[in-house]
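Visitor: dropping a prediction and its sequence here:
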Amino acid sequence: MIAFKEIVERFAELEAGELSRWVENRWIVPEADGGQENERWVFHEVDVARVELILDIRREFALDEEALSLVLGLLDQVYSLRRQMRRLCHALETQPPEIRDAIRKALPANSGR
């Protein structure tokens with residue numbers, strides 16, 4: 001786990017106030033450890049990766065916070081759909097061959113796109 005101060009120090013272009021806003025906006029969802037102010041948050045590697053993603057998007061596309069919020073929401077939906085598709089594919093793999101074949105035949109011809 002990583003402390004708030006360590007994350008701010010890790011990324012030169014990240015300010016403490018910014019990271020606090022991101023947590024308040026729920027773009028980053030650290031654990032609370034009962035400390036005071038910003039020090040109450042502890043971050044996992046997934047949180048650090050999310051910080052890096054936000055910084056990359058902001059740097060590459062020069063988005064304001066409103067647009068960034070929209071982009072992050074859309075990315076979250078894509079990631080959720082990918083997880084659901086993996087679970088569905090796994091469930092299909094466990095079905096008997098005749099069920100899998102029937103599903104393949106029912107799919108449209110251009111479903112591979």
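Guide: Right, received. Where do you want to start?
Visitor: neighbours of residue 85, just the number please.
Guide: 10 (other Cβ atoms under 10 Å). To be clear about C-beta, it is placed using only N, CA and C from the backbone, and glycine gets the same treatment.
Visitor: do residue 41 as well
Guide: For residue 41, the count of nearby residues is 22 (other Cβ under 10 Å).
Visitor: ranking helices and strands of the protein by mean pLDDT, which lands last?
Guide: strand 31-32 (a mean of 88; mean pLDDT, DSSP states H and E).
Visitor: sheet partners, orientation included, of that strand?
Guide: Each strand that pairs with strand 31-32, with its direction, by DSSP bridges: strand 41-43 (antiparallel).
Visitor: what does the partner strand rub up against?
Guide: Residues outside strand 41-43 that contact it (Cβ atoms under 8 Å, 6 or more residues apart in numbering): 1-4, 7, 23, 28, 30-33, 35, 51.
Visitor: next one: stretch 52-63
Guide: Under Cβ under 8 Å, 6+ apart, the answer for stretch 52-63 is 11, 13, 14, 22, 27, 28, 68, 71, 72, 75.
Visitor: good, wrapping up.
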